[in-house]
Structure formats: C-alpha cells, structure tokens
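Peer 1: Here you go, sequence then predicted model.
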Amino acid sequence: MIERCFKRACTMERLRGGVAGPFLDGFAEALLAEGYTPETSSCCLRTAEHLCEWAARRRVAIADLDEKQLGRFVQHLSRCRCRGRKRLGQKRVGHRARGFLRYLRKVGVVTTCAPIPRRSALLSEYEKWMRSGRSLAESTIAHSVPVVDALLCTVGGEPTRLDATVIRTFVLEYIQQHAPRSAGCVTTIIRCFLRWLVARGQCVTDLADAVPKIALWRLAKLPRYLPDDDVERIIAACDRASIVTRRDRAMLLLLARLGLRASDVVGLRLGDLDWERGRLRVIGKGRRETRLPLPQDVGDALLGYLEFERPADATDRIFLTPSAPVRPISCSGLRDVVARAFERAGVRAPSCGPHVLRHSLATRLLREGSTLDTIGALLRHRDVNTTALYAKVDVTLLRQIAQPWPHGAMPSC
C-alpha cells in the first residue's frame, strides 16, 4: 500500500526494512481510506518511521508507546539531529505521531488505553444513570455533565455541602457567562441533578426549589425569518465551483423545504432515504420517528451529492466532511455552511444559524394559508403553543385587528 505514497523503490525498501516496517502498509491503507492524499500520507509514514526509530534507540517497545512517550518524542523534535530528518514544525509532526498511535491501538499492537479526563466517581455515576436510567441522548448528556461538574467544583466534590445559597450563587454566576437562551437549560440540569441526589440519600433536603427561575416568555418575541426571495438567493448561491457544492445545496434544501433542525440534518443516514416511496425518515427530539415527503428538488440534490461528490467512507451518515480525516459533519460545521451561504448571497439575516430557515418555512406556509396544525405537523412540534409563535408574523394583519388605544388622558397611578 505504501507504493501509492512513494515513487522511489529505495525509499519503500528502507521503510519496510526499518523498525516501523511491519505497520506501515496497514497505516498507509488506513490513511488513504480516511481521505488523506498520498502526499500527506507519505509525511505521516515518515513520522511513524521517525517515532519508531526514536523509541528503539531508547529501548522502548512499540507495544509500550503511550501519550507520555509521545510527549517525550515531541520534546525531542526541537533538538532532533537524527540523520535524514528535516526540521519540520513540531505541532504538525506531533499530530501525525498521535495519528499513528491511534492506529496502533486500533489494530491491537498497543494495548495501553488512551487517557480519560479525570472525573469524580459521583459524576461518572450520574452520567451512567442519565444514559441507562433515563435513556437521554448523548448530546443532552454532553451538555449536562459540564454544568454538574462545575457545580460540584464549588463545594469540592462534596454534595453534602450544597445549600440554597451555594446553588443560587452558582446559577446566577453561571448564566451570566453564557448566552441568555441557555439559562433555562442550566436550571433544568441543576434541578434534575439535585433530585437525583435526594433519591440516593446524598442530599438531606430537596434543594430543587432553591434553583432560581429564569423568566423566559416563549411568545414574547416575533420569530426571526427571511423573505422567500432571500431564501432562494441563498440556495442559488451554492451554484459555484467547489468540492462541496452539491453537499451544501442538499443540506440547505433540507433546511428550507422540510424545516429540519440542524441535528436532524447531520444525523441523517443512508437508510433514512426511501427512494421508492419518495419519503425521508427523520428521528428528531425525544427519538421520535417521522416520515416526511421528499420534494423533487431535495431528492435531486441528495442524489447528485451521493453519486458525484460524497467521499467513500465506512459510515452510513449521509453528509461527510470533504477533507481528511473524512467524518460525519457536525452541527457546528453545518452552521458554518449556512453562514457562508448567507455571506455569498449577500443576505443580512437576523440570525446566521440554520434555524432561521426553519422559521422562514413556517412563516411562508402560514402566509400561504396553511393552518397551525399543518405547520406543527411538518415541523414536528409536540406542543401547539410552540407553533402558535408563528401566528404573530403577519404584523400588517395584526395592525388591522388591533384595538386602538383609548383617547384621552391616562389616569394617574
């Protein structure tokens, strides 16, 4: 396999005859499968050879390599005088060496485990309960653990030291350092953790009522949306020369035509496409499964991406990153795609996130005469009050039915 990365026979002979020789063909195959170019793969193979030679000189077996030894190797790079080694950037070489170590662990050559971030036993047990006892999604657990960890750090990891003052002080300080919209999530996470402590007998009294309530009125604001012309301009902006043209267009159409959430789009799998019936399976919040009709333009965009642009990969996720290592695109990656599309189209949006396209779809359907029940079914809302937010988008009509303020002087208070 290293023949695809090197042209000179003497180089390949030297690599195969060295300490790292038995592992380089498999490592090269793994790199190329992840989408790395032969040029980048050759650099990674040279780094693997360098690492193994360095370990052999220090009488360190390949099976004993770990992060500690890798740190020593990175320190060696700044004063490296090894024959035939170029003075490359330390950060880049260290990154390639870590990739080789991950490969050795994957194939079972290195049996040492990767270091796990230190976490208290109580927090690990609570995380396990959220996963097995409540069957929460991994994204929910990932949001909850840092908040609970920060709360426990305020009392030195001793839940018995929690009281109303500590909890209220922590919540008020925590939400000031984060976005206002996340305040409600923080209080929910804290209440759930406190009730779990009470159920285990690790908290004397129920302190859930001590968590301050955050005033958030769901219907206090108008939904942020874009006019139909701006939405079409954003989609048309994907018609450019790029290796991700079809991917970006397909994702934007899913957001604009079906109103999918960002998590819905990045979580789509090949098995969710039902080409015969023209339907798309979406597993949204609460793991609720819904089948939505697949519009013609969305289906054409998906088919074009799958046939001509999607890199070959072992995963069944539909949308992947174009550069190595090839992996499923994340929600943050999708947000970047949407923001770049807004910029290319010259659209000044009230929000640069994917959710503004969902709001725009609901607004358009309402103005075309669709009922709130129909819109709620398409957007997969559990509560009709969530869909009622869009009843306020037609400001012109609201002005016509609004009652005028009574004339005359207002009575003093």
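Peer 2: The structure has been received and is ready for your questions.

Peer 1: Distance check, the nearest residue to Leu292 once chain neighbours are set aside against Val231.
Peer 2: Counting by Cβ to Cβ, 6 or more residues apart in numbering, Leu292 lies nearest to Leu280, which is 5.1 Å off, once chain neighbours are set aside. Every residue, glycine included, has its C-beta placed from N, CA and C. Shown here: Leu280 relative to Val231, a distance of 19 Å by Cβ to Cβ, to the nearest Å.

Peer 1: where exactly do the strands run in the chain?
Peer 2: For the chain, applying DSSP state E gives strands covering 273-274, 279-283, 289-293.

Peer 1: C-alpha coordinates for the last one, PDB please?
Peer 2: The reference is to strand 289-293. Presented in PDB, the C-alpha positions along strand 289-293 are these (Å, rounded to 0.1, in the frame of the first residue of the first chain):
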ATOM      1  CA  GLU A 289     -39.500   8.900  14.200                       C
ATOM      2  CA  THR A 290     -41.300  10.800  11.500                       C
ATOM      3  CA  ARG A 291     -41.600  10.200   7.700                       C
ATOM      4  CA  LEU A 292     -41.700  13.300   5.600                       C
ATOM      5  CA  PRO A 293     -42.400  13.600   1.800                       C
END
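
Peer 1: Tell me the helices and strands packed up against that strand.
Peer 2: For strand 289-293, the elements it packs on are strand 279-283, judged by 3 or more Cβ pairs under 8 Å, 6 or more residues apart in numbering; DSSP states H and E.

Peer 1: What distance do you get for the nearest residue to Arg287 once chain neighbours are set aside to Asp297?
Peer 2: Ranked by Cβ to Cβ, 6+ apart and with sequence neighbours excluded, the top spatial neighbour of Arg287 is Ala137, at 7.2 Å. Ala137 sits 31 Å away from Asp297, going by Cβ to Cβ.

Peer 1: number of nearby residues for Asp373?
Peer 2: Applying other Cβ atoms under 10 Å, we find 11 other residues in the vicinity of Asp373.

Peer 1: which residues touch the closest residue to Ile141 other than its chain neighbours?
Peer 2: Closest residue to Ile141 apart from its sequence neighbours, by Cβ to Cβ, 6+ apart: Met130 at 5.1 Å. Met130 makes contact with 136, 140-141, 144, according to Cβ atoms under 8 Å, 6 or more residues apart in numbering.

Peer 1: Pull out the buried members of the residues you listed.
Peer 2: By neighbour count, with 16 or more other Cβ atoms under 10 Å, these hold 136, 144 as buried.

Peer 1: most residues in a single helix of the protein, which one?
Peer 2: Using DSSP state H, we find that the single longest helix of the chain is helix 38-57.

Peer 1: Render the CA-only coordinates of that helix in CSV, please.
Peer 2: Taking C-alpha atoms only, helix 38-57 is exported to CSV below (Å, rounded to 0.1, in the frame of the first residue of the first chain):
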residue,chain,number,x,y,z
PRO,A,38,-0.8,10.3,-1.0
GLU,A,39,1.4,13.4,-0.3
THR,A,40,0.0,13.8,3.2
SER,A,41,0.1,10.1,3.8
SER,A,42,3.8,10.0,2.9
CYS,A,43,4.5,12.6,5.6
CYS,A,44,2.6,10.6,8.2
LEU,A,45,4.5,7.5,7.3
ARG,A,46,7.8,9.2,7.6
THR,A,47,6.7,10.5,11.0
ALA,A,48,5.8,7.0,12.1
GLU,A,49,9.2,5.7,11.0
HIS,A,50,10.9,8.5,13.0
LEU,A,51,8.8,7.7,16.1
CYS,A,52,9.6,4.0,16.0
GLU,A,53,13.4,4.6,15.4
TRP,A,54,13.4,7.1,18.3
ALA,A,55,11.6,4.5,20.5
ALA,A,56,14.1,1.8,19.5
ARG,A,57,17.1,3.9,20.5
